[in-house]
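Asker: Structure for this input, please:
(one chain, ligands or ions: 2)
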Amino acid sequence: MSLFGSHDASAGAPSFPAAASPLLANLNPEQLAAVTLPVGNALILAGAGSGKTRVLTTRIAWLMQTGQVSPGGILAVTFTNKAAKEMMTRLTAMLPVNVRGMWIGTFHGLCNRLLRAHWKLAHLPSTFQILDTQDQLSAIKRLMKQYNVDDERFPAKQTQWFIAGAKEDGLRPRDVEVRSDDDRKKVELYQLYEEQCQREGVVDFGELMLRSYELLRDNDAVREHYQRRFRHIMIDEFQDTNRLQYAWIKMLSGRTAEGRFEPSGHNSVIAVGDDDQSIYAFRGARVGNMADFVREFDVQRQIKLEQNYRSFGNILDSANALISNNTKRLGKSLRTEQGPGEPVRVYESTSDFAEAQWMVEEMRQLAREGIDRKEMAVLYRSNAQSRVIETALFNAAVPYRVYGGLRFFERAEIKHALAYLRLLENKDDDTSFLRVVNFPPRGIGARSIEQLQDAARAAGHSLHDAVSAVGGKAGANLSAFVAKIDVLREQTVGISLREIIELVLDHSGLIEHYKADREGADRIENLEELVNAAESFVTQEGFGRDAVALPVDELRQSPASQGLDPSLPVIDEPLAPDAETGETLSPLAAFLTHAALESGDNQAQAGQDAVQLMTVHAAKGLEFDCVFITGMEEGLFPHENSMSDFDGLEEERRLMYVAITRARQRLYMSHSQTRMLHGQTRYNLKSRFYDELPEGALKWLTPKNQGFAPSAFGYGGGYATSRGAGGGYSKDSFASPPVPPQKAAPSHGLRSGMQVFHNKFGEGTVVSLEGSGDDARAQINFPRHGVKWLALSVAKLTPV
Ligand SMILES: Nc1ncnc2c1ncn2[C@@H]1O[C@H](COP(=O)(O)OP(=O)(O)OP(=O)(O)O)[C@@H](O)[C@H]1O
Ligand SMILES: [Mg+2]
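Answerer: Ligands and ions are numbered 1, 2, ... in the order given. Below is the predicted model of the structure:
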């Protein structure tokens, strides 16, 4: 499939003289063409580090500077909150604009804004709160318990995926196709879950998106208003949009489902992406949106950016060589004018612990060379890998910061405090109620809570409103809890956000509870940090009580606003008052929304010079001087869940491409012969991805293939391997049908079907054999531990 037709319009003549603006000074010709594209739809499809995000940001600045649009006429979608903030920072550096009034954010952030503005039309309470993924799961668990759903047959996590998946496809329960009894049950749960959320006034992430889509779909005036308003819509990381997000964009830009144009939709949509960096298929992302976009938006202009400004040659060559092994590509090329730079350093360690030690040493050396710690990033495929690395950094007193993982707002003590705060805002939030009704413990047992839940269900009330139905001592305790919340709520009137939080921390008993806990000191510190977080939220974002909603007349006066519906509010402040009632979101509600949406990509301690730790997924769009890619092992990277099917393996390769292309100057890759993961020692082979990198770009810090002890079978290699002539698991070897299990050569002493004994996993059956020399490995089914791949040169196996 090629998206690039003959009408590649890189050279589309800019309608404004380039020299007129210093903004355009440092762009290459293709970037310049993209920044100054005339009004119309366009696709910028280009590889990593070619300046896609920079082009988007510069275009926004240029459009405003040349008077083509006012800040209110722009809608820009970024993939993370961090990216949105960065875009705003860059914009303020380029132009004196009030970026707060601009609609720049993630899909979730922007949908939240729409729903806040039109909550009534969206059938939500004005104080609706957002459920994060954790809360969503506990809400589902609660529901399943209430309805006695067998959680072996319908695990809560699966139900959560089912609901999220349906919403990503834009499907309400009645729209989901039912093919089996199991499907029927899941749809029923979805329906019950929806009713529960509606009753409690909460929305999950998928709901934010779907609800705002429906808001636009079902309200012509609102839709047309925003269609007229957002003259310029821009989407970064377009390759990872899902079906519903694409439909949302279509709706806002005036494309009807039938592909017609609504009269109000004369806007231009610019999508920016890189198919090679599509890494969220597991969450519903659809690369196919790119081709649909070109067709459905009648895209006449497609721009390629081929110069990479981020990385040195060896890094880029490695990325290019690796990704060329994928078959499903739209095809792009990428070059750099920087020299080859340093080789990519490869290190093999004996254990994950030793790997982390080596990394710490290497970081010390980098620091001596004058590299800031915040320019060093450690990337891993799976969150579980970070613990060993964190321990090593901690012991060596190297400051570090983990993105993702357990985020600040997801820590238990913070969630407890937030639950109290949420109950102040919305007494019907049962998820929050259940979280803290007996925390700190106040003598309310599981039995009483069940009784309360039954009573609430029977009366159609929230838990808060049903406490009087429970009698006895338990009932008295429940009433006391509710009274406490109600009193706290009254006390918060007229005090600042900071004071509200301090009040809640004191009166909830949380601080006291953790003081009594020997290991509670950290938790108290985090709770105090919550006060600081609220404080900086108020000052930085200006969301405090005293913040004045700025009168933004600009939009109404701008020519682009012709035809805007005057009855609809011009929402340029996230806290703009409701047009009808004048009601604004309280600072507390705004802070709670911020806490739910702030998906961990922006932790406290900003500005501290710390080493950055994150998963490869979280690293998308970012760049660092030095990058360590760790755990380059079969089963880990590529991940065992994905490596057995063709599409899964291609996605793993794209992930690796993303990882490699984060590095500017120096790239390290490391793997370990043994690794403790999920309580087990694993003996992994080094990743097949090494074989896909150009040998000339690599430098092995340890002898290649060193360190494997002679195997128990003293084998000398010699059986056929599935690899092609070029080394590497070429694309062909993974094209269906899958490679059949290899026949063992006699010298190994191992054959498929043979029984072997492993001193940790016990007896097992050899399922298949693969590889030769030090790379030989066996897939063995251990009845008690499941199927494992073992490196024959390391694993001690004896035939039985
Ligand atoms: N014309 C240019 N001159 C100098 N530096 C540039 C130029 N264009 C981009 N850069 C720099 O190159 C780096 C990569 O740019 P950017 O992050 O916009 O790339 P990207 O295509 O969005 O990458 P990714 O695919 O990883 O998101 C940035 O540091 C950016 O400032
Ligand atoms: Mg980018």
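
Asker: okay, stretch 688-697 in PDB with CA atoms only?
Answerer: The C-alpha coordinates for stretch 688-697 follow below in PDB (Å, rounded to 0.1, in the frame of the first residue of the first chain):
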ATOM      1  CA  ARG A 688      16.600 -11.300  17.500                       C
ATOM      2  CA  PHE A 689      16.500  -7.600  16.900                       C
ATOM      3  CA  TYR A 690      20.300  -7.500  17.300                       C
ATOM      4  CA  ASP A 691      20.600  -9.600  14.200                       C
ATOM      5  CA  GLU A 692      18.600  -7.000  12.200                       C
ATOM      6  CA  LEU A 693      21.000  -4.100  13.000                       C
ATOM      7  CA  PRO A 694      24.000  -3.300  10.700                       C
ATOM      8  CA  GLU A 695      27.100  -4.900  12.300                       C
ATOM      9  CA  GLY A 696      29.200  -1.900  11.300                       C
ATOM     10  CA  ALA A 697      27.100   0.400  13.400                       C
END
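
Asker: quick one: contacts of that stretch?
Answerer: Stretch 688-697 is contacted from outside by 313-315, 317-318, 321-322, 325, 340, 343-344, 346, 632, 634, 637-638, 653, 656, 669, 698, 723, 727-729, using C-beta atoms under 8 Å, 6 or more residues apart in numbering. All C-beta spots, glycine's among them, are computed from the backbone N, C-alpha and C.

Asker: quick check, residue 703 in a strand?
Answerer: No: counting by DSSP: H, G, I helix; E, B strand; the rest coil, residue 703 falls outside a strand, being coil.

Asker: Now the phi/psi pair for it, please.
Answerer: phi -50, psi 140 (degrees, to the nearest 10).

Asker: and it, how many neighbours does it have?
Answerer: Using other C-beta atoms under 10 Å, residue 703 is surrounded by 8 other residues.

Asker: Name the spans of the stretch 201-350 of the chain whose pLDDT lies under the cut-off.
Answerer: Where the stretch 201-350 of the chain drops to pLDDT under 70, the residues are 256-266.

Asker: Could you count how many residues lie near whatever residue of it ends up closest to ligand 1?
Answerer: Using C-beta to the nearest ligand atom, residue 309 is the residue of the stretch 201-350 of the chain that sits closest to ligand 1, at 3.3 Å. By the criterion of other C-beta under 10 Å, residue 309 has 17 neighbours.

Asker: about what we covered before: could you list which of the contacts of stretch 688-697 also contact ligand 1?
Answerer: The subset of the contacts of stretch 688-697 within reach of ligand 1, by C-beta under 6 Å from any ligand atom, is empty.

Asker: Of those, which belong to strands?
Answerer: Among the contacts of stretch 688-697, the members falling in strands (DSSP state E) are 344, 346, 669, 698.

Asker: Reformat the residues you listed as CSV; add neighbour count.
Answerer: As requested, these are exported to CSV (neighbours: other C-beta atoms under 10 Å):
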residue, neighbour count
344, 25
346, 21
669, 28
698, 18
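
Asker: which pair in those spans the largest distance?
Answerer: Maximum pairwise distance in those, criterion C-beta to C-beta, is 8.3 Å, between 669 and 698.

Asker: before we move on, the earlier item: who's in contact with the residue of the stretch 201-350 of the chain closest to ligand 1?
Answerer: Applying C-beta under 8 Å, 6+ apart, one finds that residue 309 lies in contact with 49, 50, 51, 336.

Asker: Which residue, other than its chain neighbours, is closest to residue 362?
Answerer: residue 668 (6.8 Å; C-beta to C-beta, 6 or more residues apart in numbering).

Asker: Hmm, residue 344 and the one you found touching each other?
Answerer: Yes: using C-beta atoms under 8 Å, residue 668 makes contact with residue 344 at a distance of 7.5 Å.

Asker: CA-only coordinates of stretch 669-683, as PDB, when you get a sec.
Answerer: Output of stretch 669-683 as PDB, limited to C-alpha atoms (Å, rounded to 0.1, in the frame of the first residue of the first chain):
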ATOM      1  CA  MET A 669      21.600  -1.700  24.200                       C
ATOM      2  CA  SER A 670      22.000  -4.400  26.800                       C
ATOM      3  CA  HIS A 671      20.700  -7.800  27.600                       C
ATOM      4  CA  SER A 672      21.300 -10.300  30.400                       C
ATOM      5  CA  GLN A 673      21.800 -14.000  30.500                       C
ATOM      6  CA  THR A 674      19.500 -14.400  33.500                       C
ATOM      7  CA  ARG A 675      16.800 -12.200  34.800                       C
ATOM      8  CA  MET A 676      14.400 -12.300  37.800                       C
ATOM      9  CA  LEU A 677      11.000 -11.300  36.600                       C
ATOM     10  CA  HIS A 678       7.700 -11.900  38.300                       C
ATOM     11  CA  GLY A 679       9.400 -14.000  40.900                       C
ATOM     12  CA  GLN A 680      11.100 -16.300  38.400                       C
ATOM     13  CA  THR A 681      14.600 -16.600  37.100                       C
ATOM     14  CA  ARG A 682      14.500 -16.600  33.400                       C
ATOM     15  CA  TYR A 683      17.200 -17.600  31.000                       C
END
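
Asker: Which residues belonging to it are considered buried?
Answerer: Neighbour-count burial for stretch 669-683, with 16 or more other C-beta atoms under 10 Å as criterion, is recorded at 669, 670, 671, 672, 673, 674, 675, 677, 682, 683.

Asker: tell me which parts of the protein are close to ligand 1?
Answerer: Neighbours of ligand 1 within the chain, by C-beta under 6 Å from any ligand atom: 26-28, 31, 46, 48-54, 274, 277, 309-310, 621, 623, 661.

Asker: Please narrow these to those residing in helices.
Answerer: Among those, the residues falling in helices (DSSP state H) are 31, 52, 53, 54.

Asker: The second one: how many residues sit nearby?
Answerer: As a burial measure, residue 52 scores 25 neighbours (other C-beta under 10 Å).

Asker: Contacting ligand 2 as well, which ones from the contacts of residue 309?
Answerer: Subset of the contacts of residue 309 in contact with ligand 2: empty, counting by C-beta under 5 Å from the ion.

Asker: Check the spacing between the residue in the chain positioned nearest to ligand 2 and residue 46 real quick.
Answerer: Residue of the chain nearest ligand 2, by C-beta to the ion: residue 53 (3.3 Å). When C-beta to C-beta, to the nearest Å is applied, the distance between residue 53 and residue 46 equals 11 Å.

Asker: One more: residue 790?
Answerer: In terms of C-beta to C-beta, residue 790 sits 42 Å off from residue 46.

Asker: give the contact list for the closest residue to residue 641 other than its chain neighbours.
Answerer: Excluding the flanking residues, the one nearest residue 641 by C-beta to C-beta, 6+ apart is residue 648, at 7.2 Å. Contact analysis of residue 648 by C-beta under 8 Å, 6+ apart lists 638, 641, 642.

Asker: Next, show the common contact partners of residue 53 and residue 46.
Answerer: Common neighbours of residue 53 and residue 46 are listed as residue 272 (criterion: C-beta under 8 Å, 6+ apart).

Asker: hang on, the earlier thing: hmm, which of the contacts of stretch 688-697 are the buried ones?
Answerer: If you count burial by 16+ other C-beta under 10 Å, the buried members of those come out as 313-315, 317-318, 321-322, 325, 343-344, 346, 632, 634, 637-638, 653, 656, 669, 698, 723, 728-729.
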